[in-house]
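1. Here is my input, please return the structure:
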Amino acid sequence: MSDKNAIHNDKKPINVFISYKRDDNLYNHLVRIVKKTFSLLNSDKKYFPETNFYAKEFLDIDSIDYGEKWMDKVESAITDSDMFLAFVTPNYINSELCRHEYHFFSIKPNNRGLCIPVFWNSQDKAEKELLHTGDASSYNNDPDEAPSKIWHNILEYNGLEGILPRLVDTLSKASDSDYTYVETCIATWLADKIFNASKPILSGKINMMDDENEYEAAEDIAEEETAVLSEIDGLTLKAHSKGVTATCVYSEGIGYTLKAGSEISPDITATCPASVPKRRAQEQNFIDENNVLTKDLVFSSPSAASAFVFGRSSNGKYDWKNKNGIRLGELLKNQSSK
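-> Numbers count the residues shown, from 1 in each chain. Reported below is the predicted structural model:
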């Protein structure tokens, strides 16, 4: 897949995950409007061209190649995202996969990133549909992903609605001569709102911890988990995301050793912990031209190690897995319950 964002390689991406229900993409108009919105954001001088950033959208229909594991790719993109746009409709609330995407973003480490519900239909319409259907089954049977739970979580955020549902309704009824005009109105409205929402990132107000120790302190490893770390002494862990694979070994009294031969993502997201580029600069002589680590590096927490690898905020308990694919957090939980 070609990198359509290569022309922005001198700027930092603000990664935006587009979460939507394909049933709402009637005649492809939702996706077309999203693409037009991001084209405006990256071309109109009143938006990102005058900044050090560009907006990089993740749309499943464009960003997942044939043969790739769909859910792995989606979860990786959500983890990497700085902003999550949920195009909320009754179909969205009733979709197990859409609710899973929304919940997956909400449990990102340290709540990094902006969650913005975009009410493609009115809130009243979505709420009436929810009352009609009740709580359906959830993805992986997780009660936190039940329709009513997700709906109440969505309402906690200051989402985008205003005139948008009426514009979308007008679009569905517009004649050929008016369609492009209404479509452009929606894209411009969305571009204004998204750019304004991104200003905390642009100003640095949404910034990562200044040093690795603060970042590690925020990781929130429970005391009972810390007590069982000795039980996983010598454990080899793997992490894979963004096309790179890394190996880490936990050793009691030493920490988490990122092994030589691990691949390091060349990209750094806009909301990456400040400790990551700082540590990468310190270790630049040990990352070769192929972005492969040539020396073992020790980190005091799993999240610091995986953030260094992926160039983004990371929950090490989620990203590191053993040879059987069991996540580190689950391993610690299982050991503490024994």
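2. And the closest residue to residue 318 other than its chain neighbours, what's its pLDDT?
-> Nearest non-adjacent residue to residue 318, counting by Cβ to Cβ, 6 or more residues apart in numbering: residue 327, 5.7 Å away. Quick note: C-beta positions are derived from backbone N, CA and C, even for glycine. Per-residue pLDDT puts residue 327 at 84.
3. Distance check, residue 327 against residue 92.
-> 27 Å (Cβ to Cβ, to the nearest Å).
4. and if you look at residue 11?
-> Residue 11 is 31 Å from residue 92, where distance means Cβ to Cβ.
5. what about the two, which has more around it?
-> Ranked by neighbour count (other Cβ atoms under 10 Å), residue 11 and residue 92 place residue 92 first, with 30 against 17.
6. Show me where the stretch 51-200 of the chain dips below the pLDDT cut-off.
-> 109-112, 130-141 (pLDDT under 70).
7. Tell me where it has helices.
-> 60-63, 70-80, 90-93, 96-106, 123-133, 147-155, 164-173, 176-197, 199-202 (DSSP state H, counting those that start in this stretch).
8. Out of the ones you listed, which is closest to residue 43?
-> Closest to residue 43 of the helices of the stretch 51-200 of the chain is helix 176-197 (Cβ to Cβ; 10.0 Å).
9. quick check: angle from the closest one to helix 164-173?
-> 160 degrees (axes from the mean of the first three to the mean of the last three Cα atoms, to 10 degrees).
10. in the strand or helix carrying residue 257, what's buried?
-> Per DSSP states H and E: residue 257 is located in strand 255-258. Using 16 or more other Cβ atoms under 10 Å as the test for burial, strand 255-258 gives 255, 256, 257, 258.
11. And for stretch 24-36?
-> In stretch 24-36, counting by 16+ other Cβ under 10 Å, buried: 24, 25, 29, 30, 31, 33, 34, 35, 36.
12. Can you give me the distance of the spatially closest residue to the third one that is not a sequence neighbour to residue 123?
-> In other words, residue 29. Distances taken as Cβ to Cβ, 6+ apart put residue 171 closest to residue 29, at 6.3 Å, once the chain neighbours are dropped. Separation of residue 171 from residue 123 (Cβ to Cβ): 19 Å.
13. Likewise for residue 16?
-> In terms of Cβ to Cβ, residue 16 sits 22 Å off from residue 123.
14. Look at those two and report which has more neighbours.
-> residue 16 (25 against 16).
15. my guess is that one contacts residue 83, does it?
-> Yes: contact criterion Cβ atoms under 8 Å: residue 16 and residue 83 qualify, at 4.5 Å.
16. Export the helix or strand residue 318 falls within to PDB, keeping only CA atoms.
-> Using DSSP H and E, residue 318 sits in helix 316-319. The C-alpha coordinates for helix 316-319 follow below in PDB (Å, rounded to 0.1, in the frame of the first residue of the first chain):
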ATOM      1  CA  GLY A 316       3.200  -2.500  28.200                       C
ATOM      2  CA  LYS A 317       0.900  -4.900  30.100                       C
ATOM      3  CA  TYR A 318      -1.300  -5.000  26.900                       C
ATOM      4  CA  ASP A 319       1.400  -4.800  24.200                       C
END
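17. avg pLDDT for that helix?
-> 82.
18. Between the buried residues of stretch 24-36, which sits nearest residue 65?
-> residue 31 (17.2 Å).
19. do you know how far the residue lying closest to that closest one once chain neighbours are set aside is from residue 68?
-> Counting by Cβ to Cβ, 6+ apart, residue 31 lies nearest to residue 25, which is 5.4 Å off, once chain neighbours are set aside. Plainly put, residue 25 is 20 Å away from residue 68 if you go by Cβ to Cβ.
20. show me where the stretch 201-338 of the chain has strands.
-> 236-241, 244-251, 255-258, 297-299 (DSSP state E, counting those that start in this stretch).
21. Tell me the buried residues in the first one?
-> Within strand 236-241, the residues that qualify as buried are 237, 239, 241, counting by 16+ other Cβ under 10 Å.
22. quick one: pLDDT of residue 1?
-> So residue 1 comes in at 42 (pLDDT).
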